[in-house]
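Student: got a sequence here, can you build the structure:
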Amino acid sequence: MALKIIGGVVIAILVLIGLGFLLAWIYPDMNFRSIGSMRDLAVVLMSFFSCIGSILFAALIGVLIWIGLIIKNNVGPLLDNAADTARTAKGTAVFVSEGVVTPIIKVAGAAAGVKAAVQSLFRRKPKSDQPDK
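Tutor: Sure, this is the predicted structure:
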């Protein structure tokens with residue numbers, strides 16, 4: 001990571017030095033002490049960086065369009081797979097509910113009924129019919 005940053009800084013410095021040599025070649029008689037020469041240099045630098053910025057902006061728009069197309073082509077199948085998985089999970093839940101849980105509930109209900117019937121048949125009656133006071 002640090003090597004990439006150092007490389008980027010070195011490349012930026014080399015570009016600026018190359019830009020200086022380019023300007024010295026274009027304007028060999030430039031006097032850096034006059035305001036007009038500095039203005040000309042500023043206009044050239046601004047136009048150069050404006051062109052670079054426009055090119056980078058166009059490249060960014062192209063990359064965003066490309067990413068949008070990739071997402072459009074890949075999200076559809078992913079959503080289909082997710083819908084299939086949801087249908088499978090729903091089918092499994094229905095099967096477990098109908099095939100496993102419902103019979104267990106019926107058996108547990110019948111067992112509770114039998115237990116209540118047995119308890120009511122074999123319950124001892126109190127010795128007196130009057131409730132305790």
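Student: how many other residues sit next to residue 98?
Tutor: 10 (other C-beta atoms under 10 Å). C-betas here are computed from N, CA, C, even on glycine.
Student: what about it, distance to residue 80?
Tutor: To residue 80, residue 98 is 27 Å away according to C-beta to C-beta, to the nearest Å.
Student: how far away from the center of its chain is the lowest-mean-pLDDT helix or strand in the chain?
Tutor: When the helices and strands of the chain are scored by mean pLDDT, DSSP states H and E, helix 2-26 comes last with a mean of 83. Averaging C-alpha positions (C-alpha atoms, centre = their mean, to the nearest Å) puts helix 2-26 37 Å from its chain's average.
Student: from the contact counts, what lies against that helix?
Tutor: Helix 2-26 sits against helix 35-96, with contacts defined as 3 or more C-beta pairs under 8 Å, 6 or more residues apart in numbering; DSSP states H and E.
Student: other SSEs contacting the helix it packs on?
Tutor: Packing partners of helix 35-96 (3+ C-beta pairs under 8 Å, 6+ apart): helix 2-26.
Student: now the helix it packs on and helix 35-96, what's the angle there?
Tutor: 150 degrees (axes from the mean of the first three to the mean of the last three C-alpha atoms, to 10 degrees).
Student: who's in contact with helix 2-26?
Tutor: Outside of helix 2-26, the residues within contact range by C-beta atoms under 8 Å, 6 or more residues apart in numbering are 30, 41, 44, 45, 48.
Student: 10 Å - rerun?
Tutor: Outside helix 2-26, the residues that touch it by C-beta atoms under 10 Å, 6 or more residues apart in numbering are 30, 40, 41, 44, 45, 48, 49, 52.
Student: do the same with stretch 75-90
Tutor: By C-beta under 10 Å, 6+ apart, stretch 75-90 touches residue 71.
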